[in-house]
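1. coordinates only, sequence not included:
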């Protein structure tokens, strides 16, 4: 075997391992979602009896469709708010001279490292007293907060890539820094903002700790929390099929985002780190 | 900026600016305060206020099941926490899971990063596929693995030829939980390391190759030292995240079979048993542990700042 | 969940209240939200509709199903009750929550007239589960008790004691026949149910009246039986993760000779595996001491009225209707829920659906009761942790550990 061929087969093997290891759990949950309830416990990877009934079941289940609505609504609002706040902050960090720049980055870093689970108790206690328990704002507030550090870091990394001369030219032409920002930076910044939006949405979409602690009904329960409380057919059975089908439904949009924007996501997540 | 902290705060990189008129500078500061203010206020308000509230609660008997018996009890709750065997057991469980899963994630993440960095073909495929575990909902990942390992529904016991249920004893459950954590988090580790790999100049590696260094020697002597800041950042964020492990354990068994983590204990005391005083004491202790880990990494090893983890 | 969220909501709510009216002089019926465990047969839904109709436009019961697991039902309810959520009117309380919900003032005490009616009509076990400090806090709707289910092709004469059952299982194992004893060994409420049944059957208690901790030698005896079973061939390899559903599945797959479980397994076996169902028989819960009748931890639910309900009187009227014997018969025949009213046990249609009715009635008369305390969530957790995994129980120290932890629980100081 030539050196070239050996190298090729080595890489092929490595890539194969990565692909298989990454995909098996996903394929498995899809397979499980396609099993009939009687064969859900047969332990085979590939269903003996195929069915789509689990999917029609969960969409008949009010809990799930409501949870889907909550997940999308809460996720989008939190993401919009976080990205909006972070855009402003990141612009200032990347572009303006002001004291306390180090302080805000330190705060963002501290929040990024903050153990969120330490907050669920006091937040529950506060929310239950002011009426935010089991409401959309009750989740949006912590989601937005914990999405901010990543947003600020990623966005300020993107913003520093923008050719400043253009903005300065605009300022020379008499535009205020704010006008310059709106007219010149925003269009250039859009790709970075979209990437940040996706990253933040994934964070909100995936959250479990806050969802399970601060909601309890279809009023605000998101999909991850709803799946973990799915009712079985009887008081004593595990609803394998429903869990699997709901898991697939909630995974598909994120998988699509990830695959469509993979290049952006990788650069977004690594940007802050590389361009020190 | 290829030397020094990999991810020094972007402030350090801000271009040196010409001296301007004081009025102009003042206007710039006002604008900066306006732009930065909201984000800063939100971050501080939503973390600092509740944590102070938790400190206050932790000094009281505050149990929603006994509303008539709330009272100030000083540090008694902390005494209960530190004298409870379950607390130290859970610290141990958390440390075991953190150390093992982060070590494996580091080794596999490095391999994955090298594959993504150096693959001579199908780079896009690898990157896309490897991102799937990162993007997938943590609860879904946990369910997929839990249902795969369970003797009742899964394919893994059959594949491994197990007669018993791996999730019915401690060892099997730890293996399953760690596999889940590794699967879910290795891609993120790899991405952080990939950022570091990009900092290693190809010419340096080529030169070493010409000098006759083996691939392993090049990796250990050149790549790793140059990547050290990135490695520390990756380890810091993954360690902090692993130390707060909650979702996977919650879905697997809510901490049965000796797998309960501190987060799980914190959650159950506060939100299942509504014992706010005692639970808040656990929250504060957990908070201090995390702060300590961060302090050790940043001051002890000199890990710099980096983008947040998965939140 | 429409509380002090925004002024707009408050105004909207006030307007709605004005239009709808709160009292009986209302134009439309008041909506009563009933939160209850999932009932798939539809008999709760039917009863809710019938009662609403019978109220003559006074109220309309809206059925809301909680999650399957009792722990999760409790968590979801108590968090909302502690948050003063007024959208819960009627809630199905698992029998072991009574003391907690009463102490925390989350539910109204049952009015005297309704209490008197329940006391005259229901079996003693279910009444006791709803009683705390001499007062009824819920209206029993269904009960539950575990029987011994066994394979008559493998075991001609059912064992009457735990010791004998384990011996029988070991003998079957020696012959290479299906021999497992399916019992709930996972670390959850079912483990407490098992332990408490053994303690009560041995003539003991864990907690006495007024929160006195009386755990003693009977608990040691109970722990010894659990440990013995877990380390014998009678134990299913999945014992440590077995809950009611897994026990049922294992029995239906033909792996087991014995099963301790609730009556739902009878119909489940007919559906899942008729071959096993044909060989399935039932017997009283095995004794611990040969001379003492078994006292099995009662299960089931009581309907309570939330303190935050805006219509407590109507809600009690609705509960009275939902729990009337005619409805209980439907729940039992269609839904497989054991009734609490004594009279139903002689109704022929019920007897036909529940061939083991006399065993159930007997066990609801001579019953076991899990500890009644506001700190029950702590007490049961202490028990679950001390006894899990069952194969590693240390009988020498388990009683002392539990005594200390339970005492600490009562002053909110037990980190478990």
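-> Yes, it's here. As the structure is a computational prediction, the values presented were derived from the model and not from experiment.

2. when you work out contacts or count neighbours from here on, use the C-alpha atoms and nothing else.
-> OK.

3. please determine how far residue A:149 is located from chain C.
-> 28 Å (CA to the nearest CA, to the nearest Å).

4. so who does residue B:200 touch?
-> Neighbouring residues of residue B:200 by CA atoms under 8 Å, 6 or more residues apart in numbering or on different chains: B:222-223, B:226-227.

5. which of these sits closest to chain C?
-> residue B:227 (43.2 Å; CA to the nearest CA).

6. next, give phi and psi for the residue nearest the centre of chain A.
-> Note on chain A: the residue nearest the mean C-alpha position is residue A:202, at 1.0 Å, using CA atoms, centre = their mean. Note on residue A:202: backbone dihedrals following degrees, to the nearest 10 are phi -60, psi -40.

7. got a list of what it touches?
-> Neighbours of residue A:202 in contact, by CA under 8 Å, 6+ apart: A:254, B:135.

8. is stretch A:80-95 up against chain B anywhere?
-> Yes: Stretch A:80-95 lies within reach of chain B by CA under 8 Å from any CA of the partner chain, at A:85-86, A:88-95.

9. any regions of the stretch 151-276 of chain A where pLDDT drops low?
-> Counting by pLDDT under 70, the ranges of the stretch 151-276 of chain A that qualify are A:231-237, A:271-276.

10. would you map the strands across the stretch 51-200 of chain B?
-> In the stretch 51-200 of chain B, the segments counted as strands under DSSP state E, counting those that start in this stretch are B:60-61, B:71-72.

11. and those strands as a markdown table, adding mean neighbour count, distance to chain C and mean pLDDT?
-> Formatted as a markdown table, the strands of the stretch 51-200 of chain B follow (neighbours: other CA atoms under 10 Å in any protein chain shown; distance: least, CA to the nearest CA, whole Å; pLDDT from 0 to 100):
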| stretch | mean neighbour count | distance to chain C | mean pLDDT |
| --- | --- | --- | --- |
| strand B:60-61 | 22 | 7 | 94 |
| strand B:71-72 | 14 | 11 | 92 |
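
12. would CSV of those strands with distance to residue B:265 be doable?
-> Shown next, in CSV, are those (distance: least, CA to CA, whole Å):
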stretch, distance to residue B:265
strand B:60-61, 18
strand B:71-72, 23
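
13. and residue A:64, which of those is closest to it?
-> strand B:60-61 (38.0 Å; CA to CA).

14. so in that sheet, which strands flank that closest one, and in what orientation?
-> The sheet places strand B:60-61 alongside strand B:71-72 (antiparallel), with pairing taken from DSSP bridges.

15. which helix is the longest one in chain B?
-> helix B:22-58 (DSSP state H).

16. does it reach chain C?
-> No: shown here: helix B:22-58 not in contact with chain C (CA under 8 Å from any CA), separated by at least 11.6 Å.

17. enumerate the residues of the stretch 151-300 of chain C near chain B.
-> C:187, C:237-241, C:246.

18. residue A:206 against residue B:140, yeah?
-> No: with contact defined as CA atoms under 8 Å, residue A:206 does not count as touching residue B:140 (9.1 Å).

19. residues contacting residue C:238?
-> B:151, B:164-165, B:168.

20. got the phi and psi for whichever residue of the stretch 51-200 of chain B sits closest to chain A?
-> Nearest to chain A in the stretch 51-200 of chain B, going by CA to the nearest CA, is residue B:153, at a distance of 4.2 Å. Main-chain torsions, residue B:153, degrees, to the nearest 10: phi -130, psi -10.

21. quick check, it in contact with residue A:38.
-> No: look at residue B:153 against residue A:38 with CA under 8 Å: they stay out of range, at 11.1 Å.

22. higher neighbour count, the two?
-> Counted by other CA atoms under 10 Å in any protein chain shown, residue B:153 and residue A:38 do not tie: residue B:153 has more neighbours, with 20 against 10.

23. excluding chain neighbours, what is closest to that one?
-> residue A:41 (4.2 Å; CA to CA, 6 or more residues apart in numbering or on different chains).

24. how far away is that neighbour from residue B:164?
-> 15 Å (CA to CA, to the nearest Å).

25. of those two, which one has the most company?
-> Neighbour count, other CA under 10 Å: between residue A:41 and residue B:164, residue A:41 has more, with 20 against 16.

26. and the gap between that one and residue A:26?
-> 18 Å.

27. my guess is residue C:161 contacts residue C:283. True?
-> No: between residue C:161 and residue C:283 there is no contact under CA under 8 Å: 11.1 Å.

28. pull the number of nearby residues for the closest residue to chain A within the stretch 101-250 of chain C.
-> Using CA to the nearest CA, residue C:245 is the residue of the stretch 101-250 of chain C that sits closest to chain A, at 4.7 Å. Residues lying near residue C:245 (other CA under 10 Å) number 18.

29. please give the element, helix or strand, for it.
-> helix C:244-252 (DSSP states H and E).

30. quick one: list the elements packing against that helix.
-> Helix C:244-252 sits against strand C:180-182, strand C:256-261, helix C:264-272, with contacts defined as 3 or more CA pairs under 8 Å, 6 or more residues apart in numbering or on different chains; DSSP states H and E.

31. near chain A at all, the first one?
-> No: contact of strand C:180-182 with chain A is not found when judged by CA under 8 Å from any CA; the minimum separation is 14.2 Å.

32. relative to residue C:96, how far out is residue C:106?
-> Residue C:106 is 15 Å from residue C:96, by CA to CA.

33. what do you get for residue C:59?
-> From residue C:59 to residue C:96 the distance is 29 Å (CA to CA).

34. what pLDDT does the residue most central in space within chain B get?
-> Geometric centre of chain B, nearest residue: residue B:241, 1.7 Å, by CA atoms, centre = their mean. Confidence at residue B:241, expressed as pLDDT, is 90.

35. what comes up buried for the helix ranked longest in chain A?
-> Ranked by residue count, the top helix of chain A under DSSP H comes out as helix A:62-95. Within helix A:62-95, the residues scored as buried using 16 or more other CA atoms under 10 Å in any protein chain shown are A:63-95.

36. and for residue C:110, the neighbour number?
-> 21.

37. again but with residue B:151, I slipped
-> Residue B:151: 25 neighbours (other CA under 10 Å).

38. show me where the chain has strands.
-> Looking at chain A here, since you left the chain open. Listed in chain order, chain A contains no strands at all (DSSP state E).

39. to clarify, I was referring to chain C.
-> Under DSSP E, chain C gives strands at C:30-36, C:59-65, C:90-94, C:131-132, C:135-136, C:139-144, C:147-151, C:180-182, C:256-261, C:280-283, C:296-297, C:299-305, C:367-368.

40. how about the contacts made by residue B:41?
-> Neighbours of residue B:41 in contact, by CA under 8 Å, 6+ apart: none.

41. roughly how far does the residue lying closest to residue B:140 once chain neighbours are set aside sit from chain C?
-> Among residues not flanking residue B:140 along the chain, residue A:247 sits closest, at 5.4 Å (CA to CA, 6+ apart). In this view, residue A:247 and chain C are 17 Å apart by CA to the nearest CA.

42. how about residue B:134?
-> 29 Å.

43. does that residue touch residue B:187 like I think?
-> Yes: in this structure, residue B:134 is within contact of residue B:187 by CA under 8 Å, at 6.0 Å.

44. who has more neighbours out of those two?
-> Set side by side, residue B:134 and residue B:187 show more neighbours around residue B:187, with 26 against 23, by other CA under 10 Å.
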